[in-house]
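Chemist: what follows is a predicted structure for the sequence shown.
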Amino acid sequence: MSRLRRAGVSVEVPVGWEAATMGGAAQQFGTDGSREQLTLHVASFPLPADMATFGASAVVNMRSDDVMVILVEYGPESANTPLFAHQGIPRLEPGMFSRDNLHLTLPGQSGTQQFFTHRGRAFCLYVVLGSHIDRADLVPRANAIVESLDIS
């Protein structure tokens, strides 16, 4: 296992999994006080080089036993707003997943989007499972990644 760190976010990456980040250039702030949006992808399968924020180019390669966890940061103006009202990193449950919660709908897959604020930072946790039917078996694998997140 290895730990990936970027822009105040770190995650444990299990052996055989891949992880990549986009944006979040070392907490660099723009002249207007904005920070480049951090996006973190962690997957149980190879990630393509041309990853989109919500992984559309990756989910087409998922097998039924695969899991992809994506963490997308939003600007500080989003923290604690109604959409991001949940405080703390959410714990995933099989009932949170639906075939209708996917950015790119593919047969058999299931997803969830959970918006939250943690330590004054606003995030969307987007998780795709390779099989909706097997979500009870796949959610613990996703939770292992989510529970290893450290956000400062």
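Modeler: Cool, got the structure.

Chemist: so the residue nearest to the spatial centre of the chain: helix, strand or coil?
Modeler: Using Cα atoms, centre = their mean, the residue of the chain that lies closest to the mean C-alpha position is Ile70, 1.8 Å off. Local secondary structure at Ile70 is given as strand here, using DSSP: H, G, I helix; E, B strand; the rest coil.

Chemist: surely it and Thr39 touch.
Modeler: Yes - proximity of Ile70 to Thr39 meets the contact threshold set by Cβ atoms under 8 Å, at 6.9 Å. For glycine as for every other residue, the C-beta is placed from the backbone atoms N, C-alpha and C.

Chemist: find the residues that touch each one of these two.
Modeler: Contact criterion Cβ atoms under 8 Å, 6 or more residues apart in numbering; residues shared by Ile70 and Thr39: Thr53.

Chemist: give the contact list for Val146.
Modeler: Applying Cβ under 8 Å, 6+ apart, one finds that Val146 lies in contact with Val69, Ile89, Pro90, Arg91, Leu92, Leu125, Val127.

Chemist: got a PyMOL select line for the buried ones in those residues?
Modeler: Typed into PyMOL, the next command selects the buried ones out of the contacts of Val146 (criterion: 16 or more other Cβ atoms under 10 Å):
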select buried, resi 69+89+90+92+125+127
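
Chemist: mind putting the contacts of Val146 into JSON lines with distance to Val146 and secondary structure?
Modeler: Putting the contacts of Val146 into JSON lines (distance: Cβ to Cβ, whole Å; DSSP: H, G, I helix; E, B strand; the rest coil) gives the following:
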{"residue": "Val69", "distance to Val146": "6", "secondary structure": "strand"}
{"residue": "Ile89", "distance to Val146": "6", "secondary structure": "coil"}
{"residue": "Pro90", "distance to Val146": "8", "secondary structure": "coil"}
{"residue": "Arg91", "distance to Val146": "7", "secondary structure": "coil"}
{"residue": "Leu92", "distance to Val146": "6", "secondary structure": "coil"}
{"residue": "Leu125", "distance to Val146": "7", "secondary structure": "strand"}
{"residue": "Val127", "distance to Val146": "8", "secondary structure": "strand"}
